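Trainee: what follows is a protein structure lacking sequence information:
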């Protein structure tokens, strides 16, 4: 049997081996960026969830640390699901969902648990702190997960994804003085979501935005994935436990972004660069799934803006006169065009295979139908079956596209919006072909 050559991303976080999904517990602690993630180290498929752990000085080069949490106690024996991190009195606390099988009714119970570390590496579990006993009875205790904890006005606050009995997705809010004794405050939106459940809520108090992910929501013009993530901009009403949104938008227009989370202590977001209900071709290399590059975020003009954070070097800049060819597999490409009229870009091209980005009818049209190994999901709409995703074009006087490329991924940024997707091209597909019509255009390539 021929063993495939092991190929992995150069600067996107994966599990060292096995499965990875949601980022967890993002925090700047003791001089390093810590990123935890949902992880099953024993197979390339989802299994009993552990918390993997990496650290970085620059958010680009990551060091693997020992697994932080394992599902081995009576309150989390089925899995240590997603959660968040907070520092208190110099100690690092992780709040996560402990999942257990339940013999007295529904199959599972999900409770919010706490763990603590004094060095940021070795953690001691402290058990359940937000359980079924303080969750109002009209919410399902088997769909109650992904706590996000933060501090405001001398209180700790915790938002948790939930689901109403005979209803759909909600986000519920709790408060505590000490991280151990919590009380229910309210329901952030006070109405059912469009999807079956909301997961991975993420409220940033400093900038006033809320991120959340929905499963099985109806497709819309803004997004066609069955599972997707949103941003909301607004204001938190702490007294009543409600969030008053003034605007809501799509977090990412591509095929592959879910469960985005913000670093505690820094306005930087990382998400899962993959999607539920899809095949993952990288499994043949011993790993499945990865995290996005970090994204600096801010609220401007009433909406969320995202820009990539990548430590680069060796910039090469060229003026483009209608067309340009290059070879790129990994790195950051920046294309700046004045009065842009026409645009077509082929990435990871070897003639037969390529990933394409075009400007058509005022939208960026991304096409991975000829990228290489096919990725198939549960979506049945025409665009999804054709390998297409669309993102609005800003149509500014100057258009700036930033494209982050790594093995198996493309993340496209323009005017604060993002379109991210995985691709699995042949190893020899390394060409780049740009055709553009504009008043002026420059091309810059930076290595990582």
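Mentor: Nice, thanks for sending it over. These numbers come from a predicted model, not from an experiment. Numbers count the residues shown, from 1 in each chain.
Trainee: alpha carbons only for contacts and neighbour counts from here, please
Mentor: Noted.
Trainee: residue ranges with poor pLDDT in the stretch 301-448 of the chain?
Mentor: Within the stretch 301-448 of the chain, no range satisfies pLDDT under 70.
Trainee: the helix or strand hosting residue 38 - what's its average pLDDT?
Mentor: For residue 38, the enclosing helix or strand under DSSP states H and E is strand 32-40. Per-residue pLDDT values over strand 32-40 give a mean of 98.
Trainee: which secondary structure elements does it sit against?
Mentor: Identification of packing neighbours for strand 32-40 by 3 or more Cα pairs under 8 Å, 6 or more residues apart in numbering; DSSP states H and E yields strand 18-29, strand 50-56, strand 79-88.
Trainee: only the buried residues of that strand, if you could.
Mentor: By neighbour count on 16 or more other Cα atoms under 10 Å, the buried set for strand 32-40 is 33, 34, 35, 36, 37, 38, 39, 40.
Trainee: where does the stretch 151-300 of the chain have low pLDDT?
Mentor: Applying pLDDT under 70 to the stretch 151-300 of the chain flags residues 221-223.
Trainee: part of a helix, is residue 343?
Mentor: No. Using DSSP: H, G, I helix; E, B strand; the rest coil, the secondary structure at residue 343 is strand, not a helix.
Trainee: quick check: closest non-adjacent residue to it.
Mentor: Spatial nearest neighbour of residue 343, excluding adjacent residues (Cα to Cα, 6 or more residues apart in numbering): residue 436 at 4.5 Å.
Trainee: ok, that neighbour - contacts?
Mentor: Residues near residue 436 by Cα atoms under 8 Å, 6 or more residues apart in numbering: 321, 322, 323, 340, 341, 342, 343, 344.
Trainee: what's the answer for residue 90, then?
Mentor: By Cα under 8 Å, 6+ apart, residue 90 lies in contact with residue 118.
Trainee: try residue 403
Mentor: Shown in contact with residue 403 (Cα under 8 Å, 6+ apart): 332, 333, 334, 410, 411, 412, 413.
Trainee: export these as a markdown table, with columns for secondary structure, distance to residue 363 and neighbour count.
Mentor: Compiled in a markdown table, the contacts of residue 403 are given as follows (DSSP: H, G, I helix; E, B strand; the rest coil; distance: Cα to Cα, whole Å; neighbours: other Cα atoms under 10 Å):
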| residue | secondary structure | distance to residue 363 | neighbour count |
| --- | --- | --- | --- |
| 332 | strand | 22 | 25 |
| 333 | strand | 20 | 21 |
| 334 | strand | 18 | 18 |
| 410 | strand | 17 | 25 |
| 411 | strand | 16 | 22 |
| 412 | strand | 13 | 26 |
| 413 | strand | 13 | 21 |
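Trainee: so what's residue 182 up against?
Mentor: 129, 130, 134, 174, 175, 176.
Trainee: hey, what's the fourth one bridged with?
Mentor: Beta-bridge pairing for residue 174 (DSSP bridges): residue 158, residue 184.
Trainee: from residue 384, how far off is it?
Mentor: Counting by Cα to Cα, to the nearest Å, the gap from residue 174 to residue 384 is 39 Å.
Trainee: and for the second one?
Mentor: Distance of residue 130 to residue 384, given as Cα to Cα: 40 Å.
Trainee: how is this protein divided into domains?
Mentor: Domain segmentation of the chain under automatic domain parsing yields 18-308, 313-447.
Trainee: residue 6: which of those domains is closest?
Mentor: Closest to residue 6 of the domains of the chain is domain 18-308 (Cα to Cα; 5.2 Å).
Trainee: out of everything not next to it in sequence, what's closest to the residue positioned nearest the centre of the chain?
Mentor: Closest residue to the average C-alpha location of the chain: residue 271 at 1.4 Å, with Cα atoms, centre = their mean. Spatial nearest neighbour of residue 271, chain neighbours left out: residue 260 (3.8 Å); criterion: Cα to Cα, 6+ apart.
Trainee: in which helix or strand does the one you found reside?
Mentor: For residue 260, the host element (DSSP H and E) is strand 258-262.
Trainee: contacts for that strand, please.
Mentor: Against strand 258-262 from outside (Cα under 8 Å, 6+ apart): 22-24, 26, 199-200, 202, 204, 211-213, 227-229, 268-275.
Trainee: which strand runs longest in the protein?
Mentor: strand 139-152 (DSSP state E).
Trainee: looking at residue 174 and residue 384, which one has more neighbours?
Mentor: residue 174 (23 against 18; other Cα atoms under 10 Å).
Trainee: dump the residue contacts of that one.
Mentor: Residues near residue 174 by Cα under 8 Å, 6+ apart: 157, 158, 159, 182, 183, 184, 185, 186.
Trainee: burial count for the first one?
Mentor: By other Cα under 10 Å, the residues close to residue 157 number 24.
Trainee: spatially, what comes nearest to it if we skip its sequence neighbours?
Mentor: Nearest non-adjacent residue to residue 157 (Cα to Cα, 6+ apart): residue 175, at 4.5 Å.
Trainee: I figured residue 330 hits residue 408, correct?
Mentor: No. Judged on Cα atoms under 8 Å, residue 330 makes no contact with residue 408 at a distance of 9.6 Å.
Trainee: helix, strand, or coil at the residue nearest to residue 343?
Mentor: strand.
Trainee: from residue 351, how far off is it?
Mentor: Computed as Cα to Cα, the residue 436 to residue 351 distance reads 19 Å.
Trainee: any idea how far the residue nearest to residue 343 is from residue 116?
Mentor: 54 Å.
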